[in-house]
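[1] what shape does this take:
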Amino acid sequence: MEEDNVLTFKTETIQNVCKAQWKDSGTKANKDAIQLSTELLRIFTVEAVHRAVDEANKDAGGGSQTLQVEHLEKILPQLMLDF
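    Numbers count the residues shown, from 1 in each chain. Okay, here's the model as predicted:
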């Protein structure tokens, strides 16, 4: 079941990011590959935010209202290992 207010990346943006990194200008990706990459990046980002929120709540005793860069820095090593 998909919610109406699900935020995601635009596939055009992901395609342009990929193109910027390809060394051969003739390299192309099909539509399904770009859609899959977009979904993977969405899931990765959502998971990072959730973990950072948990870390912020631990630091502030459950009352933190904002995420700081330090919260992302703390969760990043394990997140990278998990993905």
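[2] mind checking how far the lengthiest helix in the chain is from the chain centre?
    Longest helix of the chain, by residue count under DSSP state H: helix 31-59. What separates the centre of helix 31-59 from the centre of its chain is 4 Å, taken as CA atoms, centre = their mean, to the nearest Å.
[3] for it, give the mean pLDDT please.
    For helix 31-59, mean pLDDT rounds to 93.
[4] quick one: list the elements packing against the helix or strand following that helix.
    Using DSSP states H and E, the next helix or strand after helix 31-59 towards the C-terminus is helix 69-82. Under the contact definition 3 or more CB pairs under 8 Å, 6 or more residues apart in numbering; DSSP states H and E, helix 69-82 sits against helix 31-59. C-betas here are computed from N, CA, C, even on glycine.
[5] the inter-axis angle of the helix it packs on versus helix 69-82?
    For helix 31-59 against helix 69-82, the angle by axes from the mean of the first three to the mean of the last three CA atoms, to 10 degrees is 130 degrees.
[6] residues of helix 31-59 that come out buried?
    34, 37-38, 48, 51-52, 55-56 (16 or more other CB atoms under 10 Å).
[7] confidence score at E2?
    At E2, pLDDT is 54.
[8] same thing with T11?
    94.
[9] same thing with K19?
    If you check K19, the pLDDT there is 91.
[10] any idea which element the nearest residue to it once chain neighbours are set aside lies in?
    Closest residue to K19 apart from its sequence neighbours, by CB to CB, 6 or more residues apart in numbering: T27 at 7.8 Å. Following DSSP H and E, one finds T27 outside all helices and strands.
[11] and the gap between the residue lying farthest from the centre of the chain and K19?
    Most distant from the centre of the chain: G26, at 27.2 Å, with distances by CA atoms, centre = their mean. Distance from G26 to K19, counting by CB to CB, to the nearest Å: 11 Å.
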